[in-house]
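# Sequence unavailable; structure follows:
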């Protein structure tokens, strides 16, 4: 199991690097998608670490709800509430990357990267 968690976290790191490169090229839509993928993976890795399982969903807010139920921590609920709009934008980036023409702005990507960093610190920096 430890190996699977390491793989997910390494992939998340790769997606964040991709997002930063996308941002340099002003490719905000792809940057948002990459941040969303990174967020999904670090939450799935934590669920795998704690329970040995994660639901096969692409909803970041659903995954965070699952994690909140497992950890019984108000910190995660508070994080979701405080970052609701950005989390919704990240989920939207996942959907629009495949099905809808939608554009994101630099400030939205920068906020998404801040949310990723906060999420990483909350889940993995202890």
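Nice, thanks for sending it over. The model shown is predicted, which means the values in this text are computed figures rather than measured ones.
# pLDDT value on the nearest residue to residue 11 once chain neighbours are set aside, please?
On the basis of C-beta to C-beta, 6 or more residues apart in numbering, the spatially nearest residue to residue 11 that is not a chain neighbour turns out to be residue 41, at 5.4 Å. Every residue, glycine included, has its C-beta placed from N, CA and C. Turning to residue 41, the model gives it a pLDDT of 98.
# try residue 99
At residue 99, the pLDDT recorded in the model is 67.
# For the worst-scoring helix or strand of the chain on mean pLDDT, buried residues please.
Taking mean pLDDT, DSSP states H and E as the measure, the helices and strands of the chain show their lowest mean at helix 84-96, namely a mean of 91. Judged by neighbour count using 16 or more other C-beta atoms under 10 Å, the buried positions of helix 84-96 are 86-87, 89-91, 93-94, 96.
# How about stretch 11-20?
Taking 16+ other C-beta under 10 Å as the basis for neighbour counts, the residues of stretch 11-20 that come out buried are 11-12, 15-16, 18-19.
# quick one: the spatially most central residue of the chain from residue 63, how far?
What sits nearest the mean C-alpha location of the chain, by C-alpha atoms, centre = their mean, is residue 39, with 1.5 Å. Going from residue 39 to residue 63 by C-beta to C-beta, to the nearest Å gives 9 Å.
# tell me, how many neighbours does the residue nearest to residue 11 end up with?
The burial count assigned to residue 41 is 22, neighbours taken as other C-beta atoms under 10 Å.
# give me every residue that touches it.
With contacts defined as C-beta atoms under 8 Å, 6 or more residues apart in numbering, residue 41 is in contact with 8-9, 11-12, 15.
# Tabulate these (JSON lines), appending distance to residue 25.
Formatted as JSON lines, the entries for the contacts of residue 41 read as follows, by distance: C-beta to C-beta, whole Å:
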{"residue": "8", "distance to residue 25": "26"}
{"residue": "9", "distance to residue 25": "25"}
{"residue": "11", "distance to residue 25": "21"}
{"residue": "12", "distance to residue 25": "21"}
{"residue": "15", "distance to residue 25": "16"}
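# This completes my enquiry, with thanks.
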